[in-house]
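1. Attaching a predicted model along with its sequence, questions to come.
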Number of protein chains: 2
Amino acid sequence: MTAVPLGDGREFDRIRAIAAELGARAEGLGDDCAVVAWPGGVLVLSTDVSVEEVHFRREWLSLEEIGWRAAAAALSDLAAEGAAMVGLLAAVTVPRDASDGEVASLMRGVGAAAAFAGGPVLGGDLSGGECWSVAVTVVGRAERPVTRAGARPGDGLWVTGALGGARAALEAFRASGEPAPAARLRFAHPEPRIAAGRWLAAAGAHAMLDLSDGLGRDLGHLAAASGTALEVTLDALPVHPDADVEWAAAGGEDYELLAALPPDFDEAAARRCLAETGVPLTRIGRVAEGAGVRCTLRGESRHPAGWDHFA
Amino acid sequence: MTAVPLGDGREFDRIRAIAAELGARAEGLGDDCAVVAWPGGVLVLSTDVSVEEVHFRREWLSLEEIGWRAAAAALSDLAAEGAAMVGLLAAVTVPRDASDGEVASLMRGVGAAAAFAGGPVLGGDLSGGECWSVAVTVVGRAERPVTRAGARPGDGLWVTGALGGARAALEAFRASGEPAPAARLRFAHPEPRIAAGRWLAAAGAHAMLDLSDGLGRDLGHLAAASGTALEVTLDALPVHPDADVEWAAAGGEDYELLAALPPDFDEAAARRCLAETGVPLTRIGRVAEGAGVRCTLRGESRHPAGWDHFA
């Protein structure tokens, strides 16, 4: 099986190189989750590594927040598949001078995010190392997993929640300031959209992914995987109160969901999602014939830059 | 559910602290694998992280070997559960100056170990970082998973293969020498005992674990988890040709299996295992009433030291 087509970016070049190297040994690399057929339901799996000085800095977050955030980032991939949480495993690398209490704090955050998503910590591994690093593998189950590859011309493009809050916090941290509380919460304590993902899957979502790389880049992944064009009106974005439209369009790690929903999915349906899951939905564009992503802002064409962990 | 009792060691103190912190959020931490009931079979999962300068050095191994070894170490946990391989996921941290070709080499090793064990690479993640690190999560299935907790007084204690080869290689590497070829192979290219693990599970193994921490410490884990004593005659150990009995008893990372087998499991049964899986079995002792590990060498009491990644 060939890997799922990916959009632009250094990390995705590498994933393509790996998929080419592994050939038939790699199944479906490039989607949010791996999917394994299993009697009585589909098994859904994803792994996500968070590394000190790459994904977080110790002076920005408590260890409990680092653990929560690492687990939430992985759980967000389950949400994007429309899967329920079965459990997670955490492989933690610990600096030599860390105390047992610090390791326990980090794992308290991992455990709290797991409980929030509805499952236990199933297992883990510990190693010494130069810096903190947390590799979280999530296990879920789905009746009908939703991949990135099913968007169809005519579908509406919808996002959950509000965008740009994590980027607003990151900019404040980088400027050696303290983020606004709501923005800081979006960065330190993202809530994986498990319930909304399941609701959207049940509502017939054709394709879904979570916004980790930034809307612009993630739109590219969805378009490439589905073999369609996407048309987005950036004016419609639900912008976090502490962010602006640029950060909402380009900032990564919001861990909201982007879904392609059937044409008849409307504002009334979006209100039902809000009532039943507590998560708002906003329509930001549509799926069209063709390829690539076309964004407009105040009537002018724009290409929102993405988020590159290697940058 | 409380965590599985563990033997001595710094890492295990930390795992106990984490299990205490997580309480009911952690299920069965401390066994080789997490086990999840699932329609149509039991799902078996484990995660294992290999870190540069802790588990390997670049000057000792090629990147392909580093990838193989990291995956084999994780797959060995599936073997210890008597599970079949479904697939694996790899979260890889890559130094900033690494090339795409180097990343692909490492993943070639991961993919080859996966294929050896009978499954695909299901997914992964890539991040930049200070050093190479590979967190491998393995997924398996078992009809009847074999834990560390089932050894019964009267059982025979058996090990697969030969012990001490990895330690012999490590000692040569540390002395800035080149290990003997067979010892180097045991360190660089351990073969997860998936087929032997399944054979032993089908043969009625009461308890099993893989020898990653060193026989002495792993005997301690088995005794603690099963609530029994273990009596081992170190004279009986199958010692790797490049090692001595000290290294066989104390050296870690051999990734052979230690199994508690019913009293009627005999040398004829061991020969059937060899004929059917290619893996030899050696009886090294027995399970007894009580607690703790009693080892003798040439009739004298000995306590084989273990392997501590934090040392």
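-> Nice, thanks for sending it over. Residues are numbered from 1 along each chain as shown, chains lettered A, B, ... in the order given.

2. any chance you could map the strands in the stretch 51-200 of chain A?
-> A:84-95, A:121-129, A:133-142, A:156-160 (DSSP state E, counting those that start in this stretch).

3. Need the mean per-residue confidence for the second one.
-> In other words, strand A:121-129. For strand A:121-129, mean pLDDT is 94.

4. Can you pull the poorly scored residue ranges out of chain A?
-> Low-confidence segments of chain A, defined by pLDDT under 70, span residues A:1-12, A:23-30, A:305-311.

5. Tell me where it has helices.
-> For chain A, the helices defined by DSSP state H occupy A:10-22, A:63-81, A:100-117, A:165-174, A:181-188, A:194-202, A:215-226, A:245-250, A:267-277.

6. Tell me the gap between the longest one and the middle of its chain.
-> What it means is helix A:63-81. With Cα atoms, centre = their mean, to the nearest Å as the basis, helix A:63-81 stands 9 Å off its chain's centre.

7. The closest residue to A:Phe265 other than its chain neighbours: neighbouring residues, count only.
-> Excluding the flanking residues, the one nearest A:Phe265 by Cβ to Cβ, 6 or more residues apart in numbering or on different chains is A:Gly156, at 5.8 Å. To be clear about C-beta, it is placed using only N, CA and C from the backbone, and glycine gets the same treatment. By other Cβ atoms under 10 Å in any protein chain shown, the residues close to A:Gly156 number 21.

8. roughly how far apart are A:Gly156 and A:Val44?
-> Using Cβ to Cβ, to the nearest Å, we find A:Gly156 at a distance of 24 Å from A:Val44.

9. What of A:Val54?
-> Distance from A:Val54 to A:Val44, by Cβ to Cβ: 26 Å.

10. A:Val232 is in contact with A:Leu219, isn't it?
-> Yes - the pair A:Val232 / A:Leu219 is scored as a contact, 6.3 Å apart, by Cβ atoms under 8 Å.

11. Pick out whichever of the two has more residues nearby.
-> Comparing A:Val232 with A:Leu219 by neighbour count (other Cβ under 10 Å), the higher total belongs to A:Leu219, at 28 against 24.

12. Quick check: bridge partners of the residue nearest to the more buried one when sequence neighbours are not counted?
-> Among residues not flanking A:Leu219 along the chain, A:Val293 sits closest, at 4.5 Å (Cβ to Cβ, 6+ apart). Beta bridges link A:Val293 to A:Leu230, judged by DSSP bridges.

13. Now do the same contact list for A:Val293.
-> Contacts here follow Cβ atoms under 8 Å, 6 or more residues apart in numbering or on different chains; on that basis A:Val293 touches A:Gly216, A:Leu219, A:Gly220, A:Ala223, A:Ala229, A:Leu230, A:Val232, A:His303.

14. what about 6 Å?
-> By Cβ atoms under 6 Å, 6 or more residues apart in numbering or on different chains, the contact list for A:Val293 reads A:Leu219, A:Gly220, A:Ala223, A:Leu230.

15. Equivalent analysis for A:Asp242, please.
-> A:Gly165, A:Ala168, A:Ala180, A:Ala182, A:Ala183.

16. pretty sure the first one is touching A:Pro241, no?
-> In other words, A:Gly165. No - if you go by Cβ atoms under 6 Å, A:Gly165 and A:Pro241 don't touch, sitting 8.0 Å apart.

17. beta partners for A:Ala91?
-> Note on A:Ala91: beta-bridge partners A:Asp125, A:Ala135, judged by DSSP bridges.

18. I'd assumed B:Ala135 was in contact with it.
-> Yes - A:Ala91 lies in contact with B:Ala135 (Cβ under 6 Å); the separation is 4.0 Å.

19. neighbour-wise, which of the two wins?
-> The neighbour count for A:Ala91 versus B:Ala135, taken as other Cβ under 10 Å, is higher for B:Ala135 (33 against 29).

20. The more buried one contacts B:Asp48, correct?
-> No - look at B:Ala135 against B:Asp48 with Cβ under 6 Å: they stay out of range, at 7.2 Å.

21. Within its local environment, how many residues does A:His303 see?
-> By the criterion of other Cβ under 10 Å, A:His303 has 12 neighbours.

22. And for A:Ala104?
-> 20.

23. and if you look at the one 4 residues further on?
-> Burial measure for A:Arg108: 19 neighbouring residues, criterion other Cβ under 10 Å.

24. for the residue in the stretch 151-300 of chain A positioned nearest to chain B, what are its contacts?
-> Here the stretch 151-300 of chain A gets closest to chain B at one residue, A:Ser212, 10.5 Å apart by Cβ to the nearest Cβ. Contact analysis of A:Ser212 by Cβ under 6 Å, 6+ apart lists A:Gly252, A:Glu253.

25. tell me the centre residue of chain A?
-> Taking Cα atoms, centre = their mean as the criterion, A:Asp210 is the residue nearest the geometric centre of chain A, at 3.3 Å.

26. Any part of stretch A:44-58 near chain B?
-> Yes - Stretch A:44-58 lies within reach of chain B by Cβ under 6 Å from any Cβ of the partner chain, at A:Leu45, A:Thr47, A:Asp48, A:Val49, A:Val51, A:Val54.

27. Dihedrals phi and psi, the residue sitting furthest away from the middle of chain A?
-> In chain A, the residue that sits farthest from the middle, by Cα atoms, centre = their mean, is A:Asp97; the gap is 32.0 Å. Per-residue torsions, A:Asp97: phi -90, psi 10 (degrees, to the nearest 10).

28. That one and chain B, how far apart?
-> According to Cβ to the nearest Cβ, to the nearest Å, A:Asp97 and chain B sit 12 Å apart.

29. doesn't A:Cys295 make contact with A:Val232?
-> Yes - using Cβ under 6 Å, A:Val232 makes contact with A:Cys295 at a distance of 4.7 Å.

30. sorry, back to before: what do A:Ala91 and B:Ala135 both touch?
-> Residues touching both A:Ala91 and B:Ala135 by Cβ under 6 Å, 6+ apart: A:Ala135, B:Val49.

31. what's A:Leu88 in contact with, if anything?
-> By Cβ under 6 Å, 6+ apart, the contact set of A:Leu88 is A:Ala114, A:Val136, A:Val138.

32. and of those, the nearest to A:Ala19?
-> Ranked by distance to A:Ala19 (Cβ to Cβ), these are led by A:Val138 at 21.2 Å.

33. so who does the closest one touch?
-> Residues near A:Val138 by Cβ under 6 Å, 6+ apart: A:Ser46, A:Ala74, A:Leu75, A:Leu78, A:Leu88.

34. hmm, 10 Å instead?
-> Applying Cβ atoms under 10 Å, 6 or more residues apart in numbering or on different chains, we find A:Val138 in contact with A:33, A:44-48, A:71, A:73-79, A:81, A:83, A:85-90, A:113-114, A:117, A:119, A:122, A:192, B:89, B:137.

35. Now A:Leu61. Nearest residue, chain neighbours left out?
-> Distance criterion Cβ to Cβ, 6+ apart; nearest residue to A:Leu61, sequence neighbours excluded, is A:Ala188 at 5.4 Å.
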